[in-house]
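Student: with the sequence up front, the predicted model follows.
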Amino acid sequence: MKVAATISVILAVCVGCGDDCIETSGDLSDALSGASAGDTVRACAGRFEGAFEVPSGVTLRGAGAGETVLSGPDGDFSVRLRPSADESIDVRDLSVEWRSHAAVLAMGEGAVSMQSVVVEVHDGASTGLGIAAEGLSGLALTDVSVLGPVTRENPRDYPHFDGVAQWTTSAPAFGIVSVRVSGGVFEEVEVRGFSAGGVQLIDGVTSWVGGSICGNLETSLLVYGGQATLEAVEICDLFKADTGRLVAPTGVFVAEGASLSTTGLRVTGSEEGSVGVVHDRSSGSHDGLVVTGNLHRGVQVQHCEGSADAPSVSLRDVDLSRNGYAGLLAVEATGIVVDGATIDETVLRASVEADIGDGVQIVRCADPGVACETALAGIVLQDLRLANNGRVGLLVSANNDTASGVSVDGVTVSGEGAAFGALVQLADDAPGGWDSIAREGAVAANDPTFDGILETAGVVDPEFLPGQELSGGGLGAALGDLD
């Protein structure tokens, strides 16, 4: 009797389970409309046309990604999720196609879980967003792929727009947008092929393990406010379309007080030129970071405030080699601690007056001709290997102020030809430990001959950073009326 009772309960809450899964679009819509919290609705392999809403507390399950395909209509969402407080919605084992607005729209006070799901454009002609979430208590994405149509062969088909709303109504803009989601947990998530950026994490808390953000235009990952942690995530194939975009594509942009901590993050750029990681008025820690092949900068820290004891940005055991312009660039920033770094073969890139190719460049003021309030303070460079960088291994420019707020220990610079090893300019004094720097190769003879002033870098001002609009207006700023 106990076994029979258990079976009867399962049958009562699982619509379309067993051999009698749901086969038609109308039946699927009806089953979802009639489902209650705790129910499971199972769709057969096949194609289901329509806009489907999954009620709070309900599980929607397919026969597998690529087997069960939900395809939304033009002018509406494909799947809409509205979890109530203390309830969750679970979607798994299916694919979602979309034509406009968003493939999956999730808004509510509860949680959403998606597992083994593929989200992709409909015949390469979609506009809007892949997965869009706002206000959730949790967003768990496991083995999820969000695939847009942008490739190296067609970027000219997707021009630059000013403003989120114009972009989302004109092109497949972003793969994932998460706004004020307090418990994002991503595992093995792939985002590829979007015209305005891969992933936008706005004013929330997100943990991401495994997966990739590759082949997107503009900024692959924006963390705007809130907190995020990444582990073993790859960001790659940062290519630029020659369609009015003046700013290089960026792997990671952290802004507006956001905090980003990474372990084993890898950012690989492209021949067209890209920026690896930018911290702007934000904080972060990066352990085992690899940034390579970004010809417009490896890592840039600007307008960040901290101290040696409480760093704004810390880098430990990192490899910032084979980038362009600078491997690590700090401008108007304090509290930067680097403990263990290899920064080799920075490529010379044309700037305003000269070619720049520096392993590490520390600059007090972005404009050397204009006074700034920032002091060089709390900057620690420890156990650095700087080899064969195009112009100079390490440059500290104090803009006619003290450089004593910079300290070096265990730094080795080497290079051949006309390259310099370690230079300090426009400074009242030298950084702490400056005489301990080990110079090898031609730089040992070149450094004492330096008597000029080298051009330094300014801040990165992105042409388009959608975080401000999304932070203020939520998903409505991108998608309009969501009622």
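Tutor: Looks like it came in fine. Computed from a prediction, not measured in an experiment: that's the story for all the values here.
Student: residue 422: which element?
Tutor: Assigning secondary structure by DSSP states H and E places residue 422 in strand 420-427.
Student: now do that strand, average pLDDT.
Tutor: Throughout strand 420-427, pLDDT has a mean value of 96.
Student: how about stretch 85-98?
Tutor: Computed over stretch 85-98, the average pLDDT equals 97.
Student: how far out from the middle of the chain is that stretch?
Tutor: For stretch 85-98, the distance from its own C-alpha centre to the chain's C-alpha centre is 23 Å (C-alpha atoms, centre = their mean, to the nearest Å).
Student: and stretch 356-367, by the same measure?
Tutor: On C-alpha atoms, centre = their mean, the centre of stretch 356-367 falls 24 Å from that of its chain.
Student: same question, stretch 84-101
Tutor: Offset of stretch 84-101 from its chain centre (C-alpha atoms, centre = their mean): 23 Å.
Student: in its sheet, what does the strand holding residue 422 sit against?
Tutor: Using DSSP bridges, strand 420-427 pairs in its sheet with strand 392-401 (parallel).
Student: ok, back up a step: in the next helix or strand after the strand holding residue 422, what counts as buried?
Tutor: Per DSSP H and E, the first helix or strand lying C-terminal to strand 420-427 is strand 438-441. By neighbour count on 16 or more other C-beta atoms under 10 Å, the buried set for strand 438-441 is 439, 441. To be clear about C-beta, it is placed using only N, CA and C from the backbone, and glycine gets the same treatment.
Student: tell me the helices and strands packed up against strand 438-441.
Tutor: Strand 438-441 is packed against strand 406-415, with contacts defined by 3 or more C-beta pairs under 8 Å, 6 or more residues apart in numbering; DSSP states H and E.
Student: show me what the strand it packs on packs onto, helices and strands only.
Tutor: strand 379-387, strand 392-401, strand 420-427, strand 438-441, helix 443-446.
Student: tally up the residues packed near residue 92, please.
Tutor: Applying other C-beta atoms under 10 Å, we find 18 residues neighbouring residue 92.
Student: coming back round to it: can you list the helices and strands packed on strand 406-415 in TSV and add distance to residue 237?
Tutor: Formatted as TSV, the helices and strands packed on strand 406-415 follow (distance: least, C-beta to C-beta, whole Å):
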stretch	distance to residue 237
strand 379-387	27
strand 392-401	29
strand 420-427	33
strand 438-441	34
helix 443-446	34
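Student: OK, contacts around residue 274?
Tutor: Residues near residue 274 by C-beta atoms under 8 Å, 6 or more residues apart in numbering: 238-240, 248-251, 293-296.
Student: need the nearest residue in space to it, chain neighbours excluded.
Tutor: Nearest non-adjacent residue to residue 274, counting by C-beta to C-beta, 6 or more residues apart in numbering: residue 238, 3.8 Å away.
Student: wait, a helix at the one you found?
Tutor: No: the assignment for residue 238, made by DSSP: H, G, I helix; E, B strand; the rest coil, is coil rather than a helix.
Student: these two touch, right, it and residue 253?
Tutor: No: applying C-beta atoms under 8 Å as the test, residue 238 and residue 253 come out as separate, 11.7 Å apart.
Student: neighbour count winner among those two?
Tutor: Counted by other C-beta under 10 Å, residue 238 and residue 253 do not tie: residue 238 has more neighbours, with 31 against 26.
Student: before we move on, back to that, okay, the contacts of residue 274 in a markdown table with secondary structure, pLDDT and distance to residue 107 next?
Tutor: Formatted as a markdown table, the contacts of residue 274 follow (DSSP: H, G, I helix; E, B strand; the rest coil; pLDDT from 0 to 100; distance: C-beta to C-beta, whole Å):
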| residue | secondary structure | pLDDT | distance to residue 107 |
| --- | --- | --- | --- |
| 238 | coil | 89 | 31 |
| 239 | coil | 79 | 33 |
| 240 | coil | 73 | 33 |
| 248 | coil | 80 | 34 |
| 249 | coil | 88 | 30 |
| 250 | strand | 92 | 28 |
| 251 | strand | 96 | 29 |
| 293 | coil | 95 | 38 |
| 294 | coil | 95 | 36 |
| 295 | coil | 92 | 40 |
| 296 | coil | 92 | 37 |
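Student: please name the bridge partners of residue 211.
Tutor: Going by DSSP bridges, residue 211 is paired in beta bridges with residue 189.
Student: how many neighbours does it have?
Tutor: Residue 211: 21 neighbours (other C-beta under 10 Å).
Student: so what's residue 372 up against?
Tutor: Contacts of residue 372 by C-beta under 8 Å, 6+ apart are 332, 364-366, 399.
Student: and the pLDDT for it?
Tutor: 81.
Student: got it, and residue 255?
Tutor: 95.
Student: now do the strands in the stretch 201-350 of the chain.
Tutor: Using DSSP state E, counting those that start in this stretch, the strands of the stretch 201-350 of the chain run over 219-231, 234-236, 250-255, 259-263, 266-268, 275-280, 283-287, 290-292, 299-302, 313-319, 325-331, 336-344, 349-350.
Student: number of residues surrounding residue 77?
Tutor: When neighbours are counted by other C-beta under 10 Å, residue 77 registers 26.
Student: next one: residue 54
Tutor: So residue 54, with other C-beta under 10 Å, has 22 neighbours.
Student: and the gap between it and residue 92?
Tutor: 11 Å (C-beta to C-beta, to the nearest Å).
Student: need the overlap of contacts for those two.
Tutor: Residues touching both residue 54 and residue 92 (C-beta under 8 Å, 6+ apart): residue 60.
Student: I figured residue 22 hits residue 45, correct?
Tutor: No: with contact defined as C-beta under 8 Å, residue 22 does not reach residue 45; the gap is 10.9 Å.
Student: please give me every residue in contact with residue 29.
Tutor: So residue 29 contacts 50, 52 (C-beta under 8 Å, 6+ apart).
Student: host element of it?
Tutor: Per DSSP H and E: helix 25-34 holds residue 29.
Student: may I have that helix as PDB, with CA atoms only?
Tutor: Provided in PDB are the C-alpha atoms of helix 25-34 (Å, rounded to 0.1, in the frame of the first residue of the first chain):
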ATOM      1  CA  SER A  25       2.400  23.200 -28.700                       C
ATOM      2  CA  GLY A  26      -1.300  23.600 -27.700                       C
ATOM      3  CA  ASP A  27      -1.100  20.800 -25.200                       C
ATOM      4  CA  LEU A  28       2.100  22.100 -23.700                       C
ATOM      5  CA  SER A  29       0.600  25.500 -23.300                       C
ATOM      6  CA  ASP A  30      -2.500  24.000 -21.700                       C
ATOM      7  CA  ALA A  31      -0.500  21.800 -19.400                       C
ATOM      8  CA  LEU A  32       1.600  24.700 -18.100                       C
ATOM      9  CA  SER A  33      -1.400  26.900 -17.600                       C
ATOM     10  CA  GLY A  34      -3.000  24.200 -15.500                       C
END
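Student: and it, what's buried?
Tutor: 25, 27-29, 31-32.
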